[in-house]
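>>> with the input below, show me the fold.
(one chain, ligands or ions: 1)
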Amino acid sequence: MDQADLIWMNGELVAWEDAKVHVLTHCLHYGTGVFEGERAYSTDRGPAIFRHREHLARLFKSAELYYMPIPYTAEELRGATHELIARNELPSCYIRPLVFRGAGPMGLNPLDAPVEVVIAAWSWGAYLGDDALEQGVRAKVSSWRRISSDSLIPHAKASGQYLNSVLAKIESVRAGYEEAILLDAQGFVSEGTGENLFVVMDGVIYTPPQTAGILDGINRDAVMRIARDEGFEIVERNLARAELTLADELFMTGTAAELTPIREIDDHVVGDGVRGPITTRLQKVFLDALHGRDPRYSEWNDVVSVESPKATA
Ligand code: PPE
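Okay, here's the model as predicted:
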């Protein structure tokens, strides 16, 4: 991992090596944390965080769902993130805010454990391999089902919930695939271990609905808006596993994965086995939006507004 110099921890910038917690941190034992994954891109106006406010809004919702009061406002965390990127002199980066229950009383009741907040940023390149954006990845439907809303909260981006993704990821990687697709409790298609999923059939774009155990992805939302702006029909509906194989094109969206095509599913070639025409077109507009190159979406780029002291010295 590509270390940066500083991490924002409970209101202060500390050296990367010093951003530590106690081994009795509640979150370490019980997964009581919520987090975000964001990316800042180098744009004409400087580093800009893609849909920063939406990520912060989701962080606060995830925290609320787990009864975790965040001791800062969204605007304070936004400013802290800007300062962190500027002070680390990162032209582009991945950003990881984490809100978690710290060391306090042990046991399942977390309410008396302190709520701690950290924000880290570092440079993180291709998530699913260097060629993934162009060539696509090979994916397999997991034997693990996506967590369901009757036992956990798919809508929350909560640390403990990721054990589900970890199991699916290990299974797929050990079997020689780059990614796993999870079905929901009913057996409908849900999402990847860290990505939402889109299916193209006969020129129409489908994606699983909110009720299919998905995380309500911010890039899913961005790509749906872009697809409509480009004149495509987008349908949110339950998808049967076989529709993945019958699809003309498949792709996934996520902050880390950006817009990654799937070229094989369960050892079936998807379409022609290359990035399809609709995927290619949406990916281009989406990458332009991420990098602040499309004026239609410039409100999505939160330009880092703090001058780096080192950069101006
Ligand atoms: N589903 C899951 C389960 C998920 O973790 C992500 C993001 C998404 C969908 C897409 O959401 P969004 O980024 O808002 O479009 N996964 C994050 C964590 C990845 C990781 O390896 O850690 C991410 O992409 O940052």
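
>>> mind listing what residue 235 touches?
204-207 (C-beta atoms under 8 Å, 6 or more residues apart in numbering). The way it works is simple: take the backbone N, C-alpha and C, and place the C-beta from them, glycine included.

>>> looking at those, spot the one nearest the ligand.
residue 207 (11.2 Å; C-beta to the nearest ligand atom).

>>> bridged to residue 15, which residues?
residue 6 (DSSP bridges).

>>> now do residue 249
With DSSP bridges applied, the residues forming beta bridges to residue 249 are residue 200.

>>> now do the contacts for it.
Contacts of residue 249 (C-beta under 8 Å, 6+ apart): 199-200, 261, 270-271, 275-279.

>>> please repeat the previous calculation with a cut-off of 7 Å.
By C-beta atoms under 7 Å, 6 or more residues apart in numbering, the contact list for residue 249 reads 200, 270-271, 276, 278-279.

>>> which pair of the residues you listed spans the longest distance?
Using C-beta to C-beta, the two most remote members of the contacts of residue 249 are 270 and 278, lying 12.3 Å apart.

>>> who's more crowded, these two?
Taking other C-beta atoms under 10 Å, residue 270 and residue 278 do not tie; residue 270 has more neighbours (27 against 20).

>>> what about the nearest residue to that one once chain neighbours are set aside, how many residues nearby?
Among residues not flanking residue 270 along the chain, residue 250 sits closest, at 5.1 Å (C-beta to C-beta, 6 or more residues apart in numbering). Residues near residue 250, counting by other C-beta under 10 Å, number 27.

>>> quick check: residue 250 touching residue 268?
No. At 10.4 Å, residue 250 does not count as touching residue 268 under the criterion of C-beta atoms under 7 Å.

>>> next step: the contacts of residue 249 restricted to strands.
Members of those lying in strands (criterion: DSSP state E): residue 200.

>>> and which of the contacts of residue 249 is nearest residue 255?
residue 279 (18.1 Å).

>>> mind listing what's buried in whichever strand or helix holds residue 64?
Secondary structure from DSSP states H and E places residue 64 in helix 52-65. Neighbour-count burial for helix 52-65 flags 52, 54-56, 58-60, 62-63 (criterion: 16 or more other C-beta atoms under 10 Å).

>>> now the residue in the stretch 51-200 of the chain that the ligand sits nearest to: closest residue in space, sequence neighbours ignored.
Nearest residue of the stretch 51-200 of the chain to the ligand (C-beta to the nearest ligand atom) works out as residue 194 at 3.6 Å. Among residues not flanking residue 194 along the chain, residue 254 sits closest, at 5.4 Å (C-beta to C-beta, 6+ apart).

>>> same check on residue 302?
Excluding its sequence neighbours, the residue lying closest to residue 302 (C-beta to C-beta, 6+ apart) is residue 52, at 3.7 Å.

>>> gap between the spatially closest residue to residue 189 that is not a sequence neighbour and residue 139?
Among residues not flanking residue 189 along the chain, residue 239 sits closest, at 4.1 Å (C-beta to C-beta, 6+ apart). Going from residue 239 to residue 139 by C-beta to C-beta, to the nearest Å gives 14 Å.

>>> before we move on, the earlier item: nearest to the ligand among the contacts of residue 249?
The closest of the contacts of residue 249 to the ligand turns out to be residue 279 (C-beta to the nearest ligand atom; 16.3 Å).
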